[in-house]
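Chemist: Give me coordinates for this.
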Amino acid sequence: MVLSMRKTISLDLRERIVTAYDRKEGTREEVARRFRVSLGLVKKLLQQRRYTGDLRPRHRNSGRRPALGLSHQQ
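Modeler: So this is what the prediction gives:
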């Protein structure tokens, strides 16, 4: 079973996932399977850490994008 992407995962789990990968305890695919998360989440966490140096959830970037743009709101 893979965790749903709709729920924010804890900082502790995020850190354990990245630490396992850093310690070469498996490939990204194996780490994802071990922690029961998607491969995309593992990739996202590694990329987020590379770009921001942080693993905390980025709530301002989450959620559904508005269906109507600014030009439609007038």
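Chemist: in this structure, which spans are helices?
Modeler: Counting by DSSP state H, the chain has helices at residues 11-22, 28-35, 39-52.
Chemist: show me the residues around L46 that make contact.
Modeler: 18, 21, 28 (CB atoms under 8 Å, 6 or more residues apart in numbering). Backbone N, C-alpha and C define where each C-beta goes, glycine included.
Chemist: returning to what we had before: could you dump the helices of the chain to TSV with mean pLDDT and distance to A67?
Modeler: Output for these, formatted as TSV (pLDDT from 0 to 100; distance: least, CB to CB, whole Å):
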stretch	mean pLDDT	distance to A67
helix 11-22	96	30
helix 28-35	97	31
helix 39-52	95	24
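Chemist: export the ones you listed to TSV and tack on distance to R58?
Modeler: Below are those laid out as TSV (distance: least, CB to CB, whole Å):
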stretch	distance to R58
helix 11-22	11
helix 28-35	20
helix 39-52	7
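Chemist: that older thread, with neighbour count and distance to F35 added, can I get the contacts of L46 in JSON lines?
Modeler: As requested, these are exported to JSON lines (neighbours: other CB atoms under 10 Å; distance: CB to CB, whole Å):
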{"residue": "V18", "neighbour count": "17", "distance to F35": "10"}
{"residue": "Y21", "neighbour count": "18", "distance to F35": "10"}
{"residue": "R28", "neighbour count": "16", "distance to F35": "11"}
